[in-house]
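Undergrad: All I have is the shape, not the residue letters:
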């Protein structure tokens, strides 16, 4: 079975803090993705990576950056957290067009 | 970007009933995927479709890749309470970015025991 893990299930941070969300996959997948999920807006792609040290902006990259130093690990960074970044963050990994999701991190910025 | 229209938005059914939901787009898709998401969890991949007209089953679930390549359907037979959740369609648009998926807004399924 594919296993994608995320570092935290729930996280509460203050406005202006730097926030790191970690994602690890154990299936040697080339592709990894970060999404946020909000009621009424569905899943929106923030960034994706198709190889180590390679990244591409998704639909809503503003306010976020990513890092992929090792194939199995993809990190999402909120440089200065804001309240409008309160959301469910989902990491996915995959090959071809199939994507497998982690359990999600519910981030609250106060 | 391209939007996927998923319908219905929600369904409330009795245990044992069959369920149908669909996803449509205005452009051609090369791949269709169906996911299920339980509350507070990440989506789980149910079925992947790669060819127009393809019909694929996974237990009580059956999905089809529409022959126009602009739609896909998911059917659940003999529903049970654990089928409750949000079902998402997703697709890879022809000519779109490699590996990038477009998602529908989801169908919320409630099953009354």
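TA: Arrived safely. Quantities reported herein were computed from a predicted structural model and do not represent experimental measurements. Numbering: from 1, shown residues only, chains lettered A, B, ... in the order given.

Undergrad: out of everything not next to it in sequence, what's closest to the closest residue to chain A within chain B?
TA: At 3.6 Å from chain A, residue B:42 is the closest residue in chain B, using C-beta to the nearest C-beta. The C-beta positions use only the backbone N, C-alpha and C, and glycine is treated the same way. Spatial nearest neighbour of residue B:42, excluding adjacent residues (C-beta to C-beta, 6 or more residues apart in numbering or on different chains): residue A:101 at 3.6 Å.

Undergrad: The one you found: neighbour count?
TA: 25 (other C-beta atoms under 10 Å in any protein chain shown).

Undergrad: Could you point out which residue ranges in chain B have low pLDDT?
TA: Low-confidence segments of chain B (pLDDT under 70): B:1-2, B:97-98.

Undergrad: residues touching the one residue sitting closest to the centre of chain A, list them.
TA: The centre of chain A sits closest to residue A:34, judged by C-alpha atoms, centre = their mean, with a distance of 3.1 Å. By C-beta atoms under 8 Å, 6 or more residues apart in numbering or on different chains, residue A:34 lies in contact with A:21, A:23, A:45-48, A:58, A:64, A:66, A:74, A:76, A:89-91.

Undergrad: Backbone dihedrals for it, both of them.
TA: Reported as degrees, to the nearest 10, the phi and psi values for residue A:34 are phi -120, psi 130.

Undergrad: Name the residues linked to it by a beta bridge.
TA: With DSSP bridges as the criterion, residue A:34 is bridged to residue A:47, residue A:91.
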